[in-house]
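J.: how would this look folded up:
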Amino acid sequence: MLQPCTTAWVESPLQLLGAIEHAALTADDGRRRIAVLPRAGEAQLERTAAIVHERGLPAGIAIGIERRLLPWVRFAPSAEWLVGDPFSGQVQARLARAVPRRLTLVDDGAITRRLAALLADGHPLLRPSRRTGDRVPALRRTLAATTTRTLRELAGEGRLDVTTYLAPDDPAVLALTALGALVRHHDFAWTRANGFAAADVPPSRRIVLGTAAVADGAVPADEHLAMVVALARSGPLAYLPHRREPEWLLRVLERERHVSVVPARVPVEFALGGATRPLEIVSRPSSALETLERVLAGTGSRILLADPQAVGS
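T.: As a prediction, the model looks like this:
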């Protein structure tokens, strides 16, 4: 007999991969069904959704039509939900009105650690502020506090699942388990088996990962450009942009003689997953430093934190 369908809401490409990895882990002779609804309006997410559908999904999972708004009717109190971002305003607004029969959370990078810390302390589920002095509206804080209470209650009742790439002994995993959540672990097996294997990256080039820090205002654009140019002085490199990097910045990099900008068609985990040759990757602080360690395990690849002192050297 088919199990009830779980409806999944994903708002980023990495959340989509997390939902697929969860489906691959929990496939039970085709009896478990997951309908994934990607949020519309994000080009890389929409493109990735189309590509993963073409490459063959795990049994029991299907990708639905993109929606701009979370469809409340699909996320009913009696239903099973899967979400990639419990910090999302849309998710929190729905949780304030309806509590699922069972809720599964999948990774959207290392913010899972913040999720675990806030839940453990009982603090409102709010993202860290991107800019000093930002004030959280009262309604937003109320929703965040309600979400924390709901997730803690679900965990205590054994109705909260978390599927993550974090290791079993990671403090975040231990904190979630202590709350009563069922935590599953994946190592991007589906992503490695179906990824693009660095096919778009010119051979023998060091890879520099793009960053959202410029778009967020955390890193000045000229500082980031100077760092990439400095790295290129030691040899040609391939630049893999972040999906939120401004087009003008990429156009500037394209004019650099020793920099090849690789179009950001899919998330970096999917772009490099399945690579069989060793890769050398440099990145500013990012979840990708961790995810790529798992995606590229066994390939002899090196994943390095960018050195700010490289600028001007």
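J.: Check which helices and strands the helix-or-strand element of the chain with minimal mean pLDDT sits against.
T.: Least confident element among the helices and strands of the chain, by mean pLDDT, DSSP states H and E: helix 213-216 (a mean of 90). Packing partners of helix 213-216 (3 or more CB pairs under 8 Å, 6 or more residues apart in numbering; DSSP states H and E): helix 221-232. (C-beta placed from N, C-alpha, C; glycine too.)
J.: so how far is the helix or strand hosting Leu253 off the chain centroid?
T.: Following DSSP states H and E, one finds Leu253 within helix 247-254. In this view, helix 247-254 has its centroid 24 Å away from the chain centroid, taken as CA atoms, centre = their mean, to the nearest Å.
J.: again, but for stretch 126-143
T.: On CA atoms, centre = their mean, the centre of stretch 126-143 falls 21 Å from that of its chain.
J.: send the alpha carbons of that stretch over as CSV?
T.: The C-alpha trace of stretch 126-143 is given here as CSV (Å, rounded to 0.1, in the frame of the first residue of the first chain):
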residue,chain,number,x,y,z
LEU,A,126,15.6,34.0,13.2
ARG,A,127,18.5,34.1,10.7
PRO,A,128,21.6,36.1,11.7
SER,A,129,21.3,39.7,10.7
ARG,A,130,23.2,40.5,7.6
ARG,A,131,23.8,44.2,8.5
THR,A,132,24.6,45.7,11.9
GLY,A,133,21.6,47.6,13.3
ASP,A,134,18.9,45.6,11.5
ARG,A,135,15.7,45.5,13.5
VAL,A,136,13.4,42.5,13.4
PRO,A,137,9.7,43.5,13.0
ALA,A,138,7.5,42.4,16.0
LEU,A,139,5.3,40.2,13.8
ARG,A,140,8.4,38.4,12.4
ARG,A,141,9.8,37.8,15.8
THR,A,142,6.4,36.4,17.0
LEU,A,143,6.3,34.0,14.1
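J.: begin at 286 from here
T.: Sounds good: first residue 286 from here, last item stretch 411-428.
J.: And that stretch, what's buried?
T.: The neighbour-count check on stretch 411-428 (16 or more other CB atoms under 10 Å) flags Leu411, Leu428 as buried.
J.: from what I can see Val486 touches Ile492, true?
T.: Yes: with contact defined as CB atoms under 8 Å, Val486 reaches Ile492; the gap is 6.2 Å.
J.: got any residues that touch both of these two?
T.: The contact sets of Val486 and Ile492 overlap at Ala523, Leu525, Leu557, Leu564 (CB atoms under 8 Å, 6 or more residues apart in numbering).
J.: Pretty sure the third one sits against Pro563.
T.: No: under the criterion of CB under 8 Å, Leu557 is not in contact with Pro563, lying 11.6 Å apart.
J.: The two: which is more packed in?
T.: The neighbour comparison of Leu557 against Pro563 (other CB atoms under 10 Å) goes to Leu557, with 30 against 10.
J.: The closest residue to Gly407 other than its chain neighbours sits in which helix or strand?
T.: Leaving aside its sequence neighbours, Gly407 sits nearest to Thr433 (CB to CB, 6 or more residues apart in numbering; 6.2 Å). According to DSSP H and E, Thr433 maps onto helix 423-441.
J.: residues in contact with that helix?
T.: Residues from elsewhere that reach helix 423-441 (CB under 8 Å, 6+ apart): 371-372, 374, 376-378, 380-381, 384-385, 387-388, 403-404, 407-411, 421, 445, 461, 464-466.
J.: Return the distance of it from the chain's centre.
T.: 22 Å.
J.: what are the ranges of the strands in the stretch 436-585 of the chain?
T.: For the stretch 436-585 of the chain, the strands defined by DSSP state E, counting those that start in this stretch occupy 445-449, 467-470, 491-494, 522-525, 544-546, 565-568.
J.: Kindly reformat the ones you listed as JSON lines containing mean pLDDT, mean neighbour count and distance to Asn479.
T.: What follows is the strands of the stretch 436-585 of the chain, written out as JSON lines (pLDDT from 0 to 100; neighbours: other CB atoms under 10 Å; distance: least, CB to CB, whole Å):
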{"stretch": "strand 445-449", "mean pLDDT": "97", "mean neighbour count": "24", "distance to Asn479": "18"}
{"stretch": "strand 467-470", "mean pLDDT": "97", "mean neighbour count": "16", "distance to Asn479": "19"}
{"stretch": "strand 491-494", "mean pLDDT": "97", "mean neighbour count": "22", "distance to Asn479": "20"}
{"stretch": "strand 522-525", "mean pLDDT": "97", "mean neighbour count": "23", "distance to Asn479": "18"}
{"stretch": "strand 544-546", "mean pLDDT": "97", "mean neighbour count": "19", "distance to Asn479": "24"}
{"stretch": "strand 565-568", "mean pLDDT": "96", "mean neighbour count": "20", "distance to Asn479": "20"}
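J.: Fine by me, we can end here.
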